[in-house]
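Q: Quick check, what structure comes out for this input:
(one chain, ligands or ions: 2)
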Amino acid sequence: MFNGNIVFFGAGSMAEAMIAGMVASGTIPLEQIQVTNKSNPERLNALKEKYNIQITPREALELQSADLLILAMKPKDIEDALDRLKDQLMPHHVVISLLAGISTAFIEKRLGNHTRVIRVMPNTSSTIGESATAMATGQFVSNEDKQKVEELLKACGAVYILEEEHIDIFTGIAGSGPAYFYYLIEHIEKVGEAAGLDKQLARQMGAQTILGAAKMIMKNDATPTELREKVTSPNGTTAKGLEALAAYGGGKAIREAVLSATRRSKEMSLHYARPKTKTVDQD
Ligand SMILES: NC(=O)C1=CN([C@@H]2O[C@H](COP(=O)(O)OP(=O)(O)OC[C@H]3O[C@@H](n4cnc5c(N)ncnc54)[C@H](OP(=O)(O)O)[C@@H]3O)[C@@H](O)[C@H]2O)C=CC1
Ligand SMILES: O=C(O)[C@@H]1CCC=N1
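A: Ligands and ions are numbered 1, 2, ... in the order given. Take a look at the predicted model:
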């Protein structure tokens, strides 16, 4: 059982995915999970209704009994959020940031007082306990903090401890990654439907194929290249499919998707590292 009180600052997609994962894992009592947002009481009520967790409007938050403060707002809102948090911060708090492109150093500097900051990059598969989540620690974090947060994050899936310099590429691979696979299935669904399959059935077939391939890789008995070769009969159907993928730049497209997301994460870090920042809207 996780021992500590958690407050989510932000009640959007990522906060909900983590709340869902934590609640389903049963490793955190519901009364220990609290969530607030900027200005949307309906959203807080909906989360309470669905997960039976604690909700509090931002103005009414008391942080004395909180242990972990999870920042789950968009990067454009971080400066205002940190400025508000600063006065309420206490030495026992550990601040966890889920924000893409925001460094631990940025948060440490803004909050001051040797704040313990852990940068976490989860993904929305946290909802079903299947996230690939990375964490990197700031300079004031103890081993005990690190272990405690790692244990908590395991409720949402696999946890990888990284140096912070690798969080950008991790974001490109795994933080944004689910979207690439959804995009793939969107296309499979369309082509299946065009060939006369029921859309839902084509979707299930595509998803089951991804799931099976992922599980084969996770078994670790063979490399992806060896597994691909086992599917590919000389002059057979797969060879033609792979030829088309190469001809249409499939490999390049995958590489560029990961690298573009990674570059954006770096770009955001640089933007927020500047002494005087202007707001950049992500969307
Ligand atoms: N979505 C994803 O797949 C992933 C997202 N992330 C990161 O998670 C963060 C949140 O993303 P996402 O959930 O998609 O965003 P959403 O837009 O869905 O949610 C943002 C939430 O932040 C709230 N908020 C804004 N300002 C404050 C504040 N000062 N104090 C408290 N709450 C505040 C908003 O409240 P209100 O509605 O009232 O304005 C809203 O509930 C981002 O920084 C993103 O980089 C990381 C990994 C994956
Ligand atoms: O798109 C984004 O910026 C966030 C971070 C990773 C996934 N979603």
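
Q: alpha carbons only for contacts and neighbour counts from here, please
A: Noted.

Q: And the closest residue to ligand 2 within the stretch 1-150 of the chain, which helix or strand is it part of?
A: Nearest to ligand 2 in the stretch 1-150 of the chain, going by Cα to the nearest ligand atom, is A100, at a distance of 4.9 Å. Assigned by DSSP states H and E, A100 belongs to neither a helix nor a strand.

Q: and the gap between it and ligand 1?
A: Distance from A100 to ligand 1, counting by Cα to the nearest ligand atom, to the nearest Å: 4 Å.

Q: can you tell me which residues contact that residue?
A: By Cα atoms under 8 Å, 6 or more residues apart in numbering, the residues touching A100 are P75, M121, D168, T171, S265, M268.

Q: Over to S176?
A: By Cα under 8 Å, 6+ apart, S176 lies in contact with N123, A261.

Q: what do you get for L71?
A: By Cα under 8 Å, 6+ apart, the contact set of L71 is F8, F9, G10, V95, I96, S97, L98, L99.

Q: let's see it at 10 Å
A: Neighbouring residues of L71 by Cα atoms under 10 Å, 6 or more residues apart in numbering: 7-11, 15, 78, 81-82, 95-99, 119-120.

Q: Just the residues you listed: which are in helices?
A: A15, I78, A81, L82 (DSSP state H).

Q: isn't the second one right next to A72, touching?
A: This points to I78. Yes - here I78 reaches A72: they are 9.1 Å apart, a contact under Cα atoms under 10 Å.

Q: anything in contact with each of those two?
A: Contact with both I78 and A72 is made by residues S97, L99, according to Cα under 10 Å, 6+ apart.

Q: Phi, psi for the residue of the stretch 1-150 of the chain closest to ligand 2 please.
A: Backbone torsions of A100, given as degrees, to the nearest 10, read phi -70, psi 140.

Q: what about whichever helix or strand E49 is part of and ligand 1, touching?
A: Secondary structure from DSSP H and E places E49 in helix 41-51. No - using Cα under 6 Å from any ligand atom, helix 41-51 never reaches ligand 1; the gap is at least 7.3 Å.

Q: Pull the residues that contact that helix.
A: With contact meaning Cα under 10 Å, 6+ apart, helix 41-51 is reached by 10-12, 16, 19-20, 23-24, 30, 33-37, 52-58.

Q: which of those count as buried?
A: Buried subset of the contacts of helix 41-51 (neighbour count, 16 or more other Cα atoms under 10 Å): 10-12, 16, 19-20, 23-24, 30, 33-37, 53-56, 58.
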